[in-house]
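Peer 1: the following block contains a protein sequence and its predicted model.
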Amino acid sequence: MKAWKLHKPGGELVLADVPIPELRGGSVLLRMQAAPLLTYFEQWAAGGLPYAYPRRPFTPGTNGVGVIDAVGPGVYHFKPGDRVYVDPLLVTNENVAEPAQILTGLTGIGPNSDALLADWPDGTYAEHVLAPQSVLTSLQGLEGFAASRLAPLSKFAIPLGGLLRGALAPTEALIVNGATGYFGSAAVLLGVALGARVVVAMGRDKAGLARLTELAGTRVKTVRLTGDVQTDIQAAKEAAGGPADMGLDIVGRASDANSTLTALHALRRGGRLLLMGSMSVKLPIDYAQMLANNWSIIGNFMYPKDAFRRLTALVTTGALDIDRVEITTFPLAELRAAAHKASGLSGLQAVVLTM
């Protein structure tokens with residue numbers, strides 16, 4: 001089969017002829033159909049990010065859609081011919097306080113992930129993939145959707161994790177900080193799909209904000225950030241119809257804390273702020289204000305085990321319209337061109353490799 005191999009961070013990335021993986025206990029062999037590209041793939045492949053890369057040549061690629069060719073011993077529910085979604089978040093099924101976890105084809109997570117990453121280093125940029133059965137989600141009921149259309153479900157899974165952790169309830173007001181970004185735009189659609197009374201989309205990209213309201217409907221209100229925290233807080237409250245119930249901060253590599261503080265201070269007493277982005281500076285928190293407002297600030301990584309099953313239900317029922325995502329496809333052999341295209345993505349866009 002054909003599979004991309006990254007020899008080391010910043011090393012050679014080649015499309016190679018390699019043996020089809022052999023089944024093992026608890027695994028499934030997939031014939032891949034489509035896999036999405038991360039916006040930062042080029043920087044990651046060049047070794048420019050502080051990730052825990054596998055320590056030998058491996059196949060990159062996180063998520064994807066494939067059809068099961070064969071199942072190994074200990075697989076009880078999935079069958080050959082099933083179309084499934086592949087999730088890179090692999091967590092050991094052991095009764096310990098902090099089970100090891102990795103993102104296959106991308107990185108280890110934490111100091112106890114080395115052995116797991118050594119066992120499961122390979123991702124989805126290949127014609128066939130061997131995956132643990134625990135990272136698969138059935139796509140039954142979505143037969144009308146092409147694999148390339150389903151591949152960017154990962155765009156929604158990450159913000160869904162934050163909205164579930166924050167327990168967003170129907171009729172609540174949600175603020176999304178970073179709303180014109182790759183994941184933030186998906187969070188806006190999800191907020192509407194989950195029944196938010198209003199979703200306040202905050203960002204600096206005027207055109208991107210306008211596009212969101214066009215695609216997501218009248219429950220989305222936009223706030224173009226000025227950088228003046230007090231002005232932006234007032235604008236966010238007005239857009240929400242009063243102090244909001246919940247904020248989702250999903251700005252990547254923020255260089256200042258102003259927009260995050262805006263989202264926090266636009267919350268009602270008892271409101272909660274989910275942190276899912278990244279920031280290169282400290283987040284200054286006023287101790288007395290936290291107590292007086294009974295605010296909750298929650299850091300959240302990724303999503304629960306059933307996230308993709310929840311997403312497929314939202315798509316099946318029509319609550320979430322994934323056709324809103326603008327998809328550009330490339331064949332497997334054109335990974336480099338696809339990665340370059342992905343580096344310029346914004347908003348409701350995605351790049352997908354097809355096999």
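Peer 2: That came through, no problem.
Peer 1: quick one: contacts of the helix or strand bottoming out on mean pLDDT in the chain?
Peer 2: Scoring the helices and strands of the chain by mean pLDDT, DSSP states H and E places helix 206-216 at the bottom, with a mean of 93. Residues from elsewhere that reach helix 206-216 (C-beta atoms under 8 Å, 6 or more residues apart in numbering): 179-180, 185, 188-189, 192, 199, 201, 203, 220-224, 324, 346-348. (Each C-beta comes from the backbone N, C-alpha and C, glycine too.)
Peer 1: next SSE after that helix?
Peer 2: strand 220-224 (DSSP states H and E).
Peer 1: pLDDT on that following strand, on average?
Peer 2: The predicted model gives strand 220-224 an average pLDDT of 98.
Peer 1: who are the packing partners of the next helix or strand along the chain from that strand?
Peer 2: Where DSSP H and E defines the elements, the next helix or strand beyond strand 220-224 is helix 229-240. The contact analysis (3 or more C-beta pairs under 8 Å, 6 or more residues apart in numbering; DSSP states H and E) places helix 229-240 against strand 173-177, strand 198-203, strand 220-224, helix 258-265.
Peer 1: next up, the contacts around the residue sitting nearest the centre point of the chain.
Peer 2: Averaging the C-alpha coordinates of the chain gives a centre point, and the residue nearest to it by C-alpha atoms, centre = their mean is I158 (3.4 Å). Going by C-beta under 8 Å, 6+ apart, I158 touches 183, 186, 250, 276, 302-303.
Peer 1: pull out the buried positions in stretch 190-199.
Peer 2: By 16 or more other C-beta atoms under 10 Å, the buried positions in stretch 190-199 come out as 190-194, 196-199.
Peer 1: quick one: contacts of it?
Peer 2: Identification of contacts with stretch 190-199 by C-beta under 8 Å, 6+ apart yields 156, 159-160, 163, 168-176, 188, 216-217, 219-221, 239-241, 248, 314, 319-320.
Peer 1: with stretch 59-66 instead?
Peer 2: With contact meaning C-beta under 8 Å, 6+ apart, stretch 59-66 is reached by 3-6, 13, 30-36, 38, 41, 45, 83-88, 103-106, 121-126, 129, 139, 147, 150-151, 153-154, 353.
Peer 1: hang on, the earlier thing: possible to save the buried residues of stretch 190-199 as CSV with pLDDT?
Peer 2: Shown next, in CSV, are the buried residues of stretch 190-199 (pLDDT from 0 to 100):
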residue, pLDDT
L190, 98
G191, 98
V192, 97
A193, 97
L194, 98
A196, 98
R197, 98
V198, 98
V199, 98
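Peer 1: among the residues you listed, which one sits closest to A337?
Peer 2: Ranked by distance to A337 (C-beta to C-beta), the buried residues of stretch 190-199 are led by L190 at 29.9 Å.
Peer 1: helix, strand, or coil at the closest one?
Peer 2: helix (DSSP: H, G, I helix; E, B strand; the rest coil).
Peer 1: same thing with the one 5 residues further on?
Peer 2: Reducing the assignment to helix, strand or coil with three-state DSSP, the entry for G195 is coil.
Peer 1: confidence score at it?
Peer 2: pLDDT, read off for G195, is 97.
Peer 1: returning to that earlier point: which among the contacts of stretch 190-199 end up buried?
Peer 2: Buried by 16+ other C-beta under 10 Å: 156, 159-160, 163, 168, 172-176, 188, 216, 219-221, 239-240, 248, 314, 320, out of those.
Peer 1: do you know how far D119 is from T59?
Peer 2: Distance, D119 to T59, using C-beta to C-beta, to the nearest Å: 14 Å.
Peer 1: ok, now L189?
Peer 2: As for L189, its distance to T59 is 31 Å (criterion: C-beta to C-beta).
Peer 1: please apply the same query to E326.
Peer 2: On the measure of C-beta to C-beta, E326 and T59 end up 27 Å apart.
Peer 1: kindly report the same for G25.
Peer 2: In this view, G25 and T59 are 21 Å apart by C-beta to C-beta.
Peer 1: also L261?
Peer 2: For L261, the distance to T59 equals 41 Å [C-beta to C-beta].
Peer 1: equivalent analysis for L348, please.
Peer 2: 28 Å.
Peer 1: next up, the contacts around the residue nearest to D245 when sequence neighbours are not counted.
Peer 2: Leaving aside its sequence neighbours, D245 sits nearest to E172 (C-beta to C-beta, 6 or more residues apart in numbering; 3.9 Å). E172 sits next to 196-197, 244-246 when contact means C-beta under 8 Å, 6+ apart.
Peer 1: ok, which pair from those is furthest apart?
Peer 2: Top of the distance list for the contacts of E172 (C-beta to C-beta): R197 and M246, 11.2 Å.
Peer 1: shared neighbours, the two?
Peer 2: Common neighbours of R197 and M246 (C-beta under 8 Å, 6+ apart) are 172-173.
Peer 1: do you know how far the residue nearest to D245 is from K237?
Peer 2: Between E172 and K237 the computed distance is 14 Å (C-beta to C-beta).
Peer 1: same check, this time on L13
Peer 2: Distance check for L13 against K237: by C-beta to C-beta, it reads 48 Å.
Peer 1: shaky segments in the chain?
Peer 2: Residue ranges of the chain with pLDDT under 70: none are present.
Peer 1: so which residues of the stretch 1-150 of the chain form helices?
Peer 2: Listed in chain order, the helices of the stretch 1-150 of the chain (DSSP state H, counting those that start in this stretch) span 41-45, 114-119, 147-150.
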